[in-house]
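Trainee: Sequence first, predicted model second:
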Amino acid sequence: MCMMQLFWHGDIAVPIKLGNIQYSKQLGQSISICSGYNIENDEEIHNILFNIFNFIGILHEGRDDRNNPKYGALPELRRRCDEEYEEEGGNEEIESFLMNKRKILNGTKIMDDGNTNKNIKILSHI
């Protein structure tokens, strides 16, 4: 996702602009579309979850690393993005995807605990 590259390396204006174009709502729509494809699209769903986790996390905690511009938490923007994501049904889509994935994988006696646990951690963070 090109927008996440801008987010990772840009200054404080980038998350504000992403919030203004309802980026979190778009992420919610993306997870909704991808979860319809179920297991075949697992890597793409993982990437979307990773982007959601990082986008919301950085809005909550701010960013302080050596390679990119630093800025503090953006609580008002995070609240708005959380609401947009929730309105789009993003959390429900993730929960549904994880439940379906477990049912399918358990049915064939194959369980990808590593990826499923990572996705559950991402969901609980959101």
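Mentor: Thanks, I have the structure now.
Trainee: in the protein, which spans are helices?
Mentor: Taking DSSP state H, the helices of the chain run over residues 2-9, 13-20, 23-35, 42-61, 75-87, 90-107, 113-125.
Trainee: will you turn the ones you listed into TSV that also has distance to N67, mean pLDDT and mean neighbour count?
Mentor: All C-beta atoms are positioned from the backbone trio N, CA, C, and that covers glycine. Output for the helices of the chain, formatted as TSV (distance: least, Cβ to Cβ, whole Å; pLDDT from 0 to 100; neighbours: other Cβ atoms under 10 Å):
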stretch	distance to N67	mean pLDDT	mean neighbour count
helix 2-9	8	72	14
helix 13-20	15	85	16
helix 23-35	22	75	21
helix 42-61	14	81	18
helix 75-87	22	86	16
helix 90-107	29	68	16
helix 113-125	23	52	14
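Trainee: Could you export the ones you listed to TSV, including columns for distance to P69?
Mentor: Below are those laid out as TSV (distance: least, Cβ to Cβ, whole Å):
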stretch	distance to P69
helix 2-9	8
helix 13-20	9
helix 23-35	18
helix 42-61	12
helix 75-87	16
helix 90-107	27
helix 113-125	23
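Trainee: Compare the ones you listed and give me the one nearest N68.
Mentor: With respect to N68, and counting by Cβ to Cβ, the nearest of the helices of the chain is helix 2-9 at 5.5 Å.
Trainee: what packs against that closest one?
Mentor: helix 13-20, helix 42-61 (3 or more Cβ pairs under 8 Å, 6 or more residues apart in numbering; DSSP states H and E).
Trainee: Output these in JSON lines; the columns should cover distance to E84.
Mentor: Putting the helices and strands packed on helix 2-9 into JSON lines (distance: least, Cβ to Cβ, whole Å) gives the following:
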{"stretch": "helix 13-20", "distance to E84": "9"}
{"stretch": "helix 42-61", "distance to E84": "11"}
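Trainee: Let's see stretch 9-26 as CSV, backbone CA atoms only.
Mentor: What follows is stretch 9-26, C-alpha atoms only, in CSV (Å, rounded to 0.1, in the frame of the first residue of the first chain):
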residue,chain,number,x,y,z
HIS,A,9,8.1,8.1,6.2
GLY,A,10,6.1,11.4,6.2
ASP,A,11,5.7,14.1,8.8
ILE,A,12,2.7,14.8,11.0
ALA,A,13,0.8,16.2,8.0
VAL,A,14,0.5,12.7,6.5
PRO,A,15,-1.7,11.0,9.2
ILE,A,16,-3.8,14.2,9.3
LYS,A,17,-4.4,14.0,5.6
LEU,A,18,-5.0,10.3,5.7
GLY,A,19,-7.6,10.9,8.4
ASN,A,20,-9.2,13.6,6.3
ILE,A,21,-9.6,11.2,3.4
GLN,A,22,-11.1,8.6,5.7
TYR,A,23,-8.2,6.2,5.3
SER,A,24,-9.4,4.0,8.2
LYS,A,25,-12.8,3.6,6.6
GLN,A,26,-11.0,2.5,3.4
